[in-house]
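Undergrad: Sequence first, predicted coordinates after that:
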Amino acid sequence: MQLPVYLDYSATTPVDPRVAEKMCACLTAEGNFGNPASRSHLFGWKAEEAVELARRQVADLLNADPREIVWTSGATESDNLAIKGAAHFYQKKGKHIITSRIEHKAVLDCCRQLEREGFEITYLDPDSNGLTTPEMVAAAIREDTILVSIMHANNEIGVINDIAAIAEITRDKKIVFHVDAAQSAGKITIDMAAMKVDLLSLSAHKMYGPKGMGALYVRRKPRVRLEAQMHGGGHERGMRSGTLATHQIVGMGEAAQICKEQMASDNTHALALRDRFLNGVSDMEEVHVNGDLKQRLPGNLNISFAYVEGESLIMSLKDLAISSGSACTSASLEPSYVLRALGLNDEMAHSSLRFSFGRFSTAEEVDYAVEQVHHAVDKLRELSPLWDMYQEGIDLDSIEWAAH
Amino acid sequence: MAYSDKVLDHYDNPRNVGKLDADDSSVGTGMVGAPACGDVMRLQIKVGEDGIIEDAKFKTYGCGAAIASSSLLTEWVKGKSIDDAELIKNTAIAEELALPPVKIHCSVLAEDAIKAAVRDYREKSSSQA
């Protein structure tokens, strides 16, 4: 077992060796290095063929038409193109957009930008399990609503929204529906033929493909229109100009195909490790899982260890690569906006960690992580005045703290 | 977060962790910070009749810098008079631990904690007299 143990698959995944091999074949003079847009020679034709094969592989993962896949540099760019592109195209119809408070920053910051441009945004509060329901969306729709953007699975807590049901509502009202599926694609089934989702953002590096690569699904029937955000040579049917990165695209295609083929075994594996971890820490007092445990990605756990602070916990767990739900390593000292939106109080949000398991995680690594977590939490609780007070039965909310 | 070796040392081997009897008239307790802000320090001092701090204990909920700041503080105040202990400045703690700028507030909290502990001790002894 190599240290530190990598348990941060929600942040990024290593490239699958089968993917890396395909990518390497598209770089050097001996390989498939041509510009896919070169129409006048074999190098271009071969590169174009590889790009179109990858497009089919990604489309197959979504049960979509390859012509509905637009290559981008990642899910952030896909979100930008979808949200700003649709808002700008349809602004004559209205200027109201609906999203949720716990979207990824790529979605929230696009919405903030549109607010500055005069659009009006409704930010839905999720329920205490982190879910944004079709009823919440329906209740927020107005005459001038042109776009709804709701994530499929949340990046911090892994909970999965019922996007198929939300899509029924938006289609009925002829509102464009965008879904950020960066966390869910390749992990759970996404069937674009069955769902009435119009735009869907994908990222390659969350599914064992390369960083710097993503795609946006853009529905053809009924056709969804976008205003391009990147202008240039008119690539990708004018929606996203820029020379196609053959090796990156080939990597994403291969990654998508592998995810589709082994989705069942990948999920069984991740779920087994997640449950093994959860069982391992369940004998500790005051350990709380954040977000719905059933409607959730198989490899994600977000846990609050009450009365210990997240950053010091991460310091104690230096042999585990995990992420803190609280962003208090920054100057802001703000705990996670996602956990706050779930209604967690500040100290619980400050005490949370995200563990995410994936294709290359092992039972040995999980057992090691459990042992380390026990050790660190015991040590920090021994140091914690709040733990003392809890043991003495003092209600922390009854104390008047001097906020600083 | 790049912490100095001194912070890491205090974090790995915190000094004087524990609790003194808060009801003892020779003990002063200072609890500062708030769970919502991610830092709570409890510093306790046991003061001799000559006004010298005989013992100090702490418990801290917070980041590595907060734990190190309070651990260091307990080392510094032991053997000092309460008047001298009150004069300890956060800048001295921050300098000794080479705290990064975003963690300066941890040293401020430590300074507040010793001031609060001395104040508590003084209030107790004046109400007795």
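TA: Structure received.
Undergrad: Can you give me the neighbour number for residue A:274?
TA: Residues near residue A:274, counting by other Cβ atoms under 10 Å in any protein chain shown, number 23. Any C-beta I mention is one placed from the backbone N, CA and C, and that applies to glycine too.
Undergrad: Now it: phi and psi?
TA: Reported as degrees, to the nearest 10, the phi and psi values for residue A:274 are phi -60, psi -50.
Undergrad: and if you look at residue A:79?
TA: Here residue A:79 shows phi and psi, under degrees, to the nearest 10, equal to phi -60, psi -40.
Undergrad: so what pLDDT did it get?
TA: With respect to pLDDT, residue A:79 has a value of 98.
Undergrad: residues near it, how many?
TA: When neighbours are counted by other Cβ under 10 Å, residue A:79 registers 30.
Undergrad: Isn't it up against residue A:180?
TA: Yes. If you go by Cβ atoms under 8 Å, residue A:79 and residue A:180 touch, sitting 5.8 Å apart.
Undergrad: tell me, what's touching the two both at once?
TA: Residues touching both residue A:79 and residue A:180 (Cβ atoms under 8 Å, 6 or more residues apart in numbering or on different chains) are A:104, A:106-107, A:149, A:201.
Undergrad: These, buried ones only, as a ChimeraX selection?
TA: The buried subset of the shared contacts of residue A:79 and residue A:180, as determined by 16 or more other Cβ atoms under 10 Å in any protein chain shown, is captured in ChimeraX by this line:
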select /A:104,106,107,149,201
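Undergrad: Include secondary structure when you put the shared contacts of residue A:79 and residue A:180 into CSV, please.
TA: Shown next, in CSV, are the shared contacts of residue A:79 and residue A:180 (DSSP: H, G, I helix; E, B strand; the rest coil):
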residue, secondary structure
A:104, coil
A:106, helix
A:107, helix
A:149, strand
A:201, strand
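Undergrad: Am I right that residue A:254 is in contact with residue A:207?
TA: No. With contacts counted by Cβ under 8 Å, residue A:254 stays clear of residue A:207, the gap being 10.3 Å.
Undergrad: Show me where the chain has its strands.
TA: Picked chain A for this. A:5-6, A:69-72, A:96-100, A:120-124, A:145-149, A:176-180, A:199-203, A:214-218, A:287-289, A:300-305, A:320-321, A:323-324, A:352-356 (DSSP state E).
Undergrad: wait, I meant chain B there
TA: Remark: strands assigned in chain B by DSSP E are B:27-34, B:39-47, B:53-61.
Undergrad: Just put those strands in CSV and tack on mean pLDDT.
TA: Below are those laid out as CSV (pLDDT from 0 to 100):
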stretch, mean pLDDT
strand B:27-34, 95
strand B:39-47, 96
strand B:53-61, 97
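Undergrad: about what we covered before: who has more neighbours out of residue A:254 and residue A:207?
TA: Neighbours of residue A:254 and residue A:207, each counted by other Cβ under 10 Å, are more numerous for residue A:207; the result is 27 against 24.
Undergrad: Next one, pLDDT for the more buried one please.
TA: We have a pLDDT of 98 for residue A:207.
Undergrad: What's the separation between it and chain B?
TA: Noted for residue A:207: a distance of 30 Å to chain B, by Cβ to the nearest Cβ, to the nearest Å.
Undergrad: Please tell me I have it right and that residue contacts residue A:253.
TA: No. Counting by Cβ under 8 Å, residue A:207 stays clear of residue A:253, with 11.0 Å between them.
Undergrad: Quickly list what's touching both of those two.
TA: Counting by Cβ under 8 Å, 6+ apart, no residue touches both residue A:207 and residue A:253.
Undergrad: what packs against the lowest-mean-pLDDT helix or strand in chain B?
TA: When the helices and strands of chain B are scored by mean pLDDT, DSSP states H and E, helix B:104-128 comes last with a mean of 93. For helix B:104-128, the helices and strands in contact under the criterion 3 or more Cβ pairs under 8 Å, 6 or more residues apart in numbering or on different chains; DSSP states H and E are strand B:27-34, strand B:39-47, helix B:64-77, helix B:82-86, helix B:90-97.
Undergrad: Residue 71: how many residues sit nearby?
TA: You didn't say which chain, so I picked chain A. 27.
Undergrad: not what I meant, chain B
TA: For residue B:71, the neighbour count with other Cβ under 10 Å is 23.
Undergrad: Leaving out chain neighbours, which residue sits closest to the closest residue to chain B within the stretch 151-300 of chain A?
TA: Nearest residue of the stretch 151-300 of chain A to chain B (Cβ to the nearest Cβ) works out as residue A:286 at 13.2 Å. In space, and not counting its chain neighbours, residue A:286 is closest to residue A:306: 3.9 Å by Cβ to Cβ, 6 or more residues apart in numbering or on different chains.
Undergrad: who touches the one you found in this structure?
TA: So residue A:306 contacts A:286-288, A:347-348, A:351, A:390 (Cβ under 8 Å, 6+ apart).
Undergrad: so which one among these has the lowest pLDDT?
TA: residue A:347 (80).
Undergrad: how close does the closest residue to it other than its chain neighbours get to residue A:140?
TA: The shortest distance from residue A:347 to any non-neighbouring residue, by Cβ to Cβ, 6+ apart, is to residue B:35 (3.7 Å). As judged by Cβ to Cβ, to the nearest Å, residue B:35 and residue A:140 stand 33 Å apart.
Undergrad: out of those two, which sits in the more crowded spot?
TA: Each of residue B:35 and residue A:140 has its neighbours counted (other Cβ under 10 Å); residue B:35 has more, 27 against 16.
Undergrad: Might one say that that one is in contact with residue B:61?
TA: Yes. Here residue B:35 lies in contact with residue B:61, judged by Cβ under 8 Å, at a distance of 6.9 Å.
Undergrad: Identify the contacts common to the two.
TA: What both residue B:35 and residue B:61 touch, as defined by Cβ under 8 Å, 6+ apart, is the set residue A:386.
Undergrad: sorry, back to before: buried subset of the contacts of residue A:306?
TA: Buried, going by 16+ other Cβ under 10 Å: A:287, A:347-348, A:351, A:390, out of the contacts of residue A:306.
Undergrad: Among those, pick out the one closest to chain B, please.
TA: Closest approach between the buried ones among the contacts of residue A:306 and chain B, by Cβ to the nearest Cβ: residue A:347, at 3.7 Å.
Undergrad: now the helices for the stretch 201-350 of chain A?
TA: With helices called from DSSP state H, counting those that start in this stretch, the stretch 201-350 of chain A shows them at A:246-261, A:263-281, A:310-316, A:337-341, A:346-350.
Undergrad: oh sorry, the question was meant for the stretch 51-200 of chain A
TA: Assigned by DSSP H, counting those that start in this stretch, the stretch 51-200 of chain A shows helices spanning A:75-90, A:105-116, A:134-140, A:163-172.
Undergrad: Determine which stretch of these is the most buried.
TA: Highest mean neighbour count of the helices of the stretch 51-200 of chain A: helix A:75-90, a mean of 25 (counted as mean count of other Cβ atoms under 10 Å in any protein chain shown).
Undergrad: need the residues of chain B near chain A, please.
TA: For chain B, the residues in contact with chain A (Cβ under 8 Å from any Cβ of the partner chain) are B:1, B:3, B:11, B:14, B:17, B:19, B:31-42, B:59-64, B:66-67, B:101-102, B:105, B:108-109.
Undergrad: Generate a ChimeraX selection restricted to the buried entries among the residues you listed.
TA: A single ChimeraX command is used to select the members of the residues of chain B next to chain A judged buried by 16+ other Cβ under 10 Å:
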select /B:3,11,14,17,31,32,33,34,35,36,37,38,39,40,41,42,59,60,61,62,63,64,66,67,102,105,108,109
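Undergrad: Using JSON lines, lay out the helices of the stretch 51-200 of chain A together with distance to chain B.
TA: Compiled in JSON lines, those are given as follows (distance: least, Cβ to the nearest Cβ, whole Å):
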{"stretch": "helix A:75-90", "distance to chain B": "25"}
{"stretch": "helix A:105-116", "distance to chain B": "20"}
{"stretch": "helix A:134-140", "distance to chain B": "27"}
{"stretch": "helix A:163-172", "distance to chain B": "34"}
